[in-house]
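Colleague: predicted coordinates and the sequence they were generated for:
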Amino acid sequence: MTNFEKNAVWQGTLSLMVLRTLLTMGEQHGYGIARRIEQTSQGRLSINYGTLYPALLKLEQEGLISSEWGLSDNNRKAKFYKLTKAGRKQIERDTRQWEETAAIMMRFLAGEE
Amino acid sequence: MKSLRAWMLRLFGVLGSSRSERDLSAEIDSHLQLHIDDNIRAGMTPEEARRRAIIALGGIECTNEAVRVRRTLPLIDSLVRDVRYGIRTLIKSPGFAIAGVIILGLGIGVNSAIFTVVNAVVLRPLPFPDADRIMRVWHTPPPKQFAFPTFSLSPANFADWDEQNEVFERMAIYRYGRRALTGSGEPAAVQVGRASADFLPILGVNPVIGRIFTRAEDREGAPLTAVLSEPFFKSRFGGDQSIIGKTIVIDRVPHIVIGVVPNTVALGSRVEVWVPLAWTAKERATRANHNYSGIAKLKPGISVERAQADMTAIAKRLEAQYPDDNKEWGVLIRPLQDDIIMQARNSLVVLLGAVALVLLIACANLANLMLVRTHGRAREIAVRGALGASRLRVVQQLLTEGMVLGIGGGAAGLAAAYFGVDALKAAFGNALPRANEVTVNSEVLIFTAIISIATGLLAAFVPAWQLTGRDANDALKTGPARGNSSGGDGRLRSLLVVSEVALALMLLIGAGLLLRSLSGLRAVDPGFDAHHVLTATIDIPDAKYPTPQQRNQFFDRVLQNTRALPGVESAAFVESVPLQGGSTQYIAPEGLPPMKDSDLPVVAVRLSSPGYFKTLRIPVIAGRDLSETDGLNRPRVVVVSEGTAKKFWPNQNPIGKHVTLTMMTKEPSEVVGVVREVQLGSLDATAEQTETAVYVPAAEFGYGGTTLVLRTAGDPTLLTKAMVGAVQRVDPEQPVLDIQTLDEIVEQSLGQRPLAMLLLAAFALLALVLATVGIYSVLAYTVRQRVREIGIRLALGAPVEGLLGMIVVEGLKPTLIGIVIGLGLAAALVRVMATLLFGVSQHDPGTFSGVALIMIVVGVVATLIPAYRATRVDPIVTLRAE
């Protein structure tokens, strides 16, 4: 298990995870996003769900996502987030950047051996 | 872009909204509910499901806080809270707050007011397009003969400069004068600017109606045109545009009005009508007579130095070409702004320095107040510290409080400045250039805001700094009542007193030196009696009085009429009264070998009527006064001043010698009298600078312009109307201009000095009061701190006088140190005032020791009161309080 919470990389990474989750799932509330991230990481990522909310607020302030109150599948009131146009573009940019970073890091790490 | 957007949203978030707070808790609730639902579906009990959901969230309050931090900007958030808290605590101690705001308001007010003036006059560029390229052009006269560094221009030299230079886009030449405007309504005296065609374009003045005159119209024989200034156009012609194309009569000569221009600033702002020079060929060829002013606009990219070099080369060429007229006549180029503010700059800089010192003293006072208060709040601060408030937070809060006080003081100061500026402008009068541009503007607001906040912060920094060094435990144990004032705290306070005393002392010395200069200047014997003399200028137009006989007759009749007025003791004419400038000419005295005119000695020449010496009470030492028998077609005579006689014929009897007024006639004049020397140029002229004079019977030449002087029995201003009446009984259309008393002229010649002295004295007094309050409050506080010690000493039988002496001596120590430091600083800085001083050494021992003595007396008085109070302490009461 990786504890990302105090990690400097965490903020940017979590943002991209949230955006990707919204891209695949469409509209989703905070709890749903948290569960989805947990599932996708196959339990290897343990986060406090609470840390998600500042990240969501940041994305909303930056205009990458928007929110609206609605009803969940089991008729609970919940705040739903969805991607904006800017958010979709941001995913492309971030993904490309992330892949580049990862590739460079991999090359370095491979060379270290 | 997106981070800016986020930042703005967070900034707005600072303002806080209960809606977003509700929204947040609803979202967290909903999150928990969804999780609990899932957990229950997975088979947990409701309690367990809730517990697990909260754990997975990481705590409700923590989450809320994390979101809140993200929503706003924490630093600003706490700043806003501090400001609110600061305002609340200040309201709770109104005495402290009001004292602080008043002290700062005084300090900031004088600064804002003086800055308003300095900013408009010195700092702001002149409001012209390319103002930095506009230069003033001067002649520099031969230093051997003339006492002035710069001199007016002659037409022929100007024309050559204009033609030969390669550094200026264009040059212009001009002069001002009062002229009679007749034909349209009441006859009036108007300020007329005669200028070459390029003058207004160089200043970037564009007509608001019509057009300005062209170069073609600035020629002899061209139809005469006139351009009105806007204020004059409105006041005289009611803004009626139909005046364009009509004719106005200036000195009996008709001019066609072709346009209206806005009031110029900086140069010729008082001019009401602009007319072209339209020199005659003879006027244009004048090389040895210097009567005009010049301006020029540099070509882009040409430096002042380059222009000066180029012009100097031309002047040298002209010197070689016209050695008779131009020997040693050079040229000086100076940026127009420097030229205009030269006189005022010095006093303004001194005043700005003075108010900065006042502000520092006010700041030290406030710092002391805050220090005392922080001491009283030591326990509160210690408790906050113990409860976990970081020291930085407490410091931040103190600084905020200082800032709030600073802003309060700034607002009070700005209000004071707003009214102060008008008073300043009125007080400066004509001595202040660019006065019409002086207003409280946005630059003043920014300046005030900056010094207010800086002063508040600086004052708060002292207790804040003090605080960081203190152990919270100590403060908790002892509490405010017996907070020990020894050690760093006491030293800090002494330091404040030292600096206040030193600063106030410097101001007092400055004011003292100016006071002595001014009383010295006023005590200068000008060589004439200026009291009870009324003066006025009268210019009669050649067009109406074409011959010298007619002009002489006019003036004779005016003299007859005025001498007959009740209350007039004597009346006379003189070309120009002392201290108002006048003609300076090459004179050929008998006994010198023949030489070129330009090598001749230079003396002041005054055309005057008989009775002038009597009217100004200038003693005739030898020979006789000018008389009624001197005049046209009579033997030429002159009266010389003592200095002229000594210069021309040392150790010889000047009576019966001859001089030739080379610039007016070839015939020699016989010296018939010698009079005492008079200060013609300025009261502070040194012996070498004093212009010596030759007095010539005005009737010999019969010119049309002169100054009427009346000696009156009583208040001369009461005779103003009678005097005008006496003149207009000779010619009802004749304007009588520039009516003022000779006393006023003498006072004007002192320039900014009286005002600078008055202001400096006021600032010094303010500083003295602030410093006194500072010394007093520090000592009062120290004594209060030591009440217990004093009580014990008294109980043990210490004599009251001894105790009193001890406290006063200790209290005086910082004052004495401050005096020593202040004397040293003043001695070093007094140089900036050098040009304002007269007849007093920069380090005048009398002023320095006198001011030090005043400071000591003030220090003793300020310490005596709290010291005396301390000895009234009842030892029983103090000890019982244990």
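Modeller: Arrived safely. Numbering: from 1, shown residues only, chains lettered A, B, ... in the order given.
Colleague: show me what the helix or strand hosting B:Glu401 is packed against.
Modeller: Assessed by DSSP states H and E, B:Glu401 sits inside helix B:391-428. Secondary-structure packing of helix B:391-428 (3 or more CB pairs under 8 Å, 6 or more residues apart in numbering or on different chains; DSSP states H and E): helix B:74-92, helix B:94-118, helix B:336-376, helix B:378-386, helix B:442-468, helix B:753-785. All C-beta spots, glycine's among them, are computed from the backbone N, C-alpha and C.
Colleague: got the phi/psi numbers for B:Phe213?
Modeller: Geometry field for B:Phe213 lists phi and psi as phi -70, psi 150, criterion degrees, to the nearest 10.
Colleague: residues near it, how many?
Modeller: 25 (other CB atoms under 10 Å in any protein chain shown).
Colleague: residues touching it, list them.
Modeller: By CB atoms under 8 Å, 6 or more residues apart in numbering or on different chains, the contact set of B:Phe213 is B:Ala197, B:Thr225, B:Val227, B:Ile258, B:Trp274, B:Val275, B:Pro276.
Colleague: which of those residues has the most neighbours?
Modeller: Result: B:Val227 is most packed of the contacts of B:Phe213 (other CB under 10 Å), 26 neighbours.
Colleague: from B:Pro155, how far off is it?
Modeller: With the distance defined as CB to CB, to the nearest Å, B:Val227 ends up 21 Å from B:Pro155.
Colleague: swap in B:Glu220?
Modeller: Per CB to CB, B:Glu220 is found 12 Å from B:Pro155.
Colleague: hey, what's in contact with both of those two?
Modeller: With CB under 8 Å, 6+ apart, B:Glu220 and B:Pro155 have common neighbours B:Trp279.
Colleague: of these two, who's got more company?
Modeller: B:Pro155 (21 against 12).
Colleague: is it true that the more buried one touches B:Ala288?
Modeller: No. Contact criterion CB atoms under 8 Å: B:Pro155 and B:Ala288 do not qualify, at 10.5 Å.
Colleague: could the helices and strands packed on helix B:391-428 go into TSV alongside distance to chain A?
Modeller: Formatted as TSV, those follow (distance: least, CB to the nearest CB, whole Å):
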stretch	distance to chain A
helix B:74-92	13
helix B:94-118	39
helix B:336-376	37
helix B:378-386	29
helix B:442-468	30
helix B:753-785	49
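Colleague: how far does stretch B:37-51 sit from its chain's centre?
Modeller: How far stretch B:37-51 lies from its chain's middle: 82 Å, per CA atoms, centre = their mean, to the nearest Å.
Colleague: quick check: residues of chain A near chain B?
Modeller: Counting by CB under 8 Å from any CB of the partner chain, chain A comes close to chain B at A:29-32, A:35, A:48-51, A:53-54, A:57-58, A:61-64, A:72, A:74, A:76-79, A:86.
Colleague: please redo it, this time with the cut-off set to 6 Å
Modeller: A:30-31, A:48-50, A:53-54, A:57-58, A:61-63, A:76-79 (CB under 6 Å from any CB of the partner chain).
Colleague: where is pLDDT lowest across those?
Modeller: Among these, A:Asn48 carries the weakest pLDDT, at 80.
Colleague: if I look at the nearest residue to that residue once chain neighbours are set aside, how far off is B:Asn64?
Modeller: Once flanking residues are discounted, A:Asn48 sits nearest to B:Gly58: 2.9 Å by CB to CB, 6 or more residues apart in numbering or on different chains. Noted for B:Gly58: a distance of 11 Å to B:Asn64, by CB to CB.
Colleague: again with B:Lys666
Modeller: In terms of CB to CB, B:Lys666 sits 106 Å off from B:Asn64.
Colleague: so these two - more neighbours on which side?
Modeller: B:Asn64 (16 against 8).
Colleague: secondary structure element for that one?
Modeller: Counting by DSSP H and E, B:Asn64 is found in helix B:60-71.
Colleague: what's the answer for B:Glu569, then?
Modeller: Using DSSP H and E, B:Glu569 sits within strand B:568-574.
Colleague: mind listing what the residue nearest to B:Gly413 when sequence neighbours are not counted touches?
Modeller: The shortest distance from B:Gly413 to any non-neighbouring residue, by CB to CB, 6+ apart, is to B:Ile108 (2.9 Å). Neighbouring residues of B:Ile108 by CB atoms under 6 Å, 6 or more residues apart in numbering or on different chains: B:Gly409, B:Gly410, B:Gly413, B:Ser452.
Colleague: can we see that at 10 Å?
Modeller: B:101, B:115, B:355, B:358-359, B:362-363, B:406, B:409-414, B:416-417, B:447-449, B:451-452, B:455-456 (CB atoms under 10 Å, 6 or more residues apart in numbering or on different chains).
Colleague: which residues sit in contact with the residue nearest to B:Glu569 when sequence neighbours are not counted?
Modeller: Closest residue to B:Glu569 in three dimensions, ignoring its sequence neighbours and counting by CB to CB, 6+ apart: B:Arg711, at 4.5 Å. For B:Arg711, the contact set (CB under 10 Å, 6+ apart) comprises B:529, B:531-534, B:567-572, B:611, B:614-617, B:742.
Colleague: what about B:Arg711, distance to chain A?
Modeller: 86 Å (CB to the nearest CB, to the nearest Å).
Colleague: same check, this time on B:Pro300
Modeller: 48 Å.
Colleague: for that residue, grab phi and psi.
Modeller: Dihedral angles (degrees, to the nearest 10) for B:Pro300: phi -60, psi 140.
Colleague: longest strand in chain B, by number of residues?
Modeller: Criterion DSSP state E: the longest strand present in chain B is strand B:168-182.
Colleague: mean confidence score for that strand?
Modeller: Mean predicted lDDT for strand B:168-182 stands at 88.
Colleague: mind giving me the packing neighbours of whatever helix or strand comes next after that strand?
Modeller: Downstream of strand B:168-182, the next assigned helix or strand under DSSP H and E is strand B:188-195. Strand B:188-195 sits against strand B:168-182, helix B:199-202, strand B:225-229, helix B:230-237, strand B:247-250, strand B:273-276, strand B:737-741, with contacts defined as 3 or more CB pairs under 10 Å, 6 or more residues apart in numbering or on different chains; DSSP states H and E.
Colleague: run the last query once more with 7 Å
Modeller: strand B:168-182, strand B:273-276 (3 or more CB pairs under 7 Å, 6 or more residues apart in numbering or on different chains; DSSP states H and E).
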